[in-house]
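Undergrad: starting from these lines, generate the structure:
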Amino acid sequence: MKPNRQEVEQVFRGLRDRIVAKLSELDGGAFVRKDWERPGGGGGEMSELRGELFEKGGCNFSAVHGERYPTVPEGKANEADLKLGIRAPQPDEVAGQPFFATGVSLVLHPRNPFVPVVHLNVRYIEVGQAAWFGGGTDLTPFAPFAEDTAHFHDTLRRTCGDERYARFAQWAREYFFITHRNSERGVGGIFFDYLRASEDVFRFVQNVGDAFLPAYVPLVERRQSMPVTDADREGQLRWRGRYVEFNLIYDRGTLFGLKSGGNIEAIFMSLPPLVSW
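TA: Reported below is the predicted structural model:
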């Protein structure tokens, strides 16, 4: 049974507000909010921070709709995924069908190279009679610390449960992979898609969103005052290049936003303010 669109929007807006409030408290700066409208239907709100702790941070909300779903879902069902409720819609389910999509997307690029870059996305999509949730979160540190990686993953494991965590952590390793560099983007996290909509799945996605601050904030507090050399900064800027490459070439959210006529500023919010190769 599909959840109520308005309820999903309300929950996602609330998640955005809680995250923005906590990050503003950590940074000491304020997010600048900017509404936008999509010509084909719907719109959203950008929330961007250029602060002392976070060189650039964005936490965007969107709710868009249109007459024709712009992409073709990828993936084939297998028995293990079906048990978890994962089933990609078939082309004949979505071809030519109207769509609705809402979600929250966050990326943080800290100033201190030892505070890790982090990404979070949760989304809900309806196409015709099909409806599903997707999302994920991953950590992309320039200089990984084993205890930070363990804390991040342990928080996600408790949130997902062992079975979901095992599948979604594997999916993250496969998804956040830069093929042309034969390298993962960072130290992983979770990724999931095509979780067919139900009340149980909706609660799970809410829990994933709520786990973001407990998973990430302790890492910020632990690393934000570490001393930084010029060499550290140079290495950080080069590392950011890989983040740019992934988002422009492989990221599903970026590609969906561009194909569906989304707001360009909001789509490219994920890109760092400074980068080098």
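Undergrad: run a quick neighbour tally on Glu147.
TA: Around Glu147 there are 11 other residues, counting by other CB atoms under 10 Å. Yep, even glycine has a C-beta here, placed from its N, CA and C like the rest.
Undergrad: actually Ala80, not the one I wrote
TA: For Ala80, the count of nearby residues is 11 (other CB under 10 Å).
Undergrad: cool, and Asn60?
TA: So Asn60, with other CB under 10 Å, has 27 neighbours.
Undergrad: state the pLDDT value of it.
TA: pLDDT, Asn60: 95.
Undergrad: got the contact list for it?
TA: By CB atoms under 8 Å, 6 or more residues apart in numbering, the contact list for Asn60 reads 16, 44-47, 104-106, 266, 269.
Undergrad: can I get these in TSV including distance to Arg222?
TA: Below are those laid out as TSV (distance: CB to CB, whole Å):
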residue	distance to Arg222
Arg16	25
Gly44	33
Glu45	31
Met46	29
Ser47	25
Val104	25
Ser105	25
Leu106	20
Ala266	30
Met269	26
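Undergrad: which ones among those map onto strands?
TA: 44-47, 104-106 (DSSP state E).
Undergrad: for these, which one is nearest Gly29?
TA: Minimum distance to Gly29 across these is 11.9 Å, recorded for Ser47 (CB to CB).
Undergrad: what pairs with whichever strand or helix holds His65, parallel or antiparallel?
TA: Using DSSP states H and E, His65 falls within strand 54-66. For strand 54-66, the paired strands and their directions (DSSP bridges) read strand 42-49 (antiparallel), strand 99-110 (antiparallel).
Undergrad: and those: which comes nearest Glu25?
TA: Nearest of the strands paired with strand 54-66 (CB to CB): strand 42-49, 11.6 Å.
Undergrad: of the ones in strands among the contacts of Asn60, closest to Gly189?
TA: Distances from Gly189 to those, taken as CB to CB, are shortest for Leu106 (12.6 Å).
Undergrad: quick check, pLDDT for the closest one.
TA: 97.
Undergrad: how about the strands in the stretch 101-250 of the chain?
TA: With strands called from DSSP state E, counting those that start in this stretch, the stretch 101-250 of the chain shows them at 117-127, 130-140, 177-178, 183-184, 188-196.
Undergrad: among those strands, which is nearest Arg5?
TA: strand 117-127 (7.3 Å).
Undergrad: output that closest one as PDB, nothing but the C-alphas.
TA: Extracted C-alpha coordinates of strand 117-127, given in PDB (Å, rounded to 0.1, in the frame of the first residue of the first chain):
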ATOM      1  CA  VAL A 117      32.900  14.500   3.500                       C
ATOM      2  CA  VAL A 118      29.500  12.900   4.000                       C
ATOM      3  CA  HIS A 119      26.500  12.300   1.800                       C
ATOM      4  CA  LEU A 120      22.900  11.500   2.700                       C
ATOM      5  CA  ASN A 121      19.800  10.900   0.400                       C
ATOM      6  CA  VAL A 122      16.300   9.600   1.100                       C
ATOM      7  CA  ARG A 123      13.700   9.700  -1.600                       C
ATOM      8  CA  TYR A 124      10.200   8.400  -2.500                       C
ATOM      9  CA  ILE A 125       9.100   7.900  -6.100                       C
ATOM     10  CA  GLU A 126       5.700   7.100  -7.600                       C
ATOM     11  CA  VAL A 127       5.300   6.200 -11.300                       C
END
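Undergrad: so where do the helices sit in this structure?
TA: Ranges of helices within the chain are 5-27, 79-83, 91-94, 146-160, 162-175, 199-223, 230-249, 252-259, 264-267, based on DSSP state H.
Undergrad: any chance of CSV for those helices, columns mean pLDDT and distance to Pro273?
TA: Shown next, in CSV, are the helices of the chain (pLDDT from 0 to 100; distance: least, CB to CB, whole Å):
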stretch, mean pLDDT, distance to Pro273
helix 5-27, 97, 14
helix 79-83, 91, 38
helix 91-94, 85, 36
helix 146-160, 98, 23
helix 162-175, 97, 25
helix 199-223, 98, 18
helix 230-249, 94, 9
helix 252-259, 81, 17
helix 264-267, 82, 13
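Undergrad: thanks a lot, catch you later.
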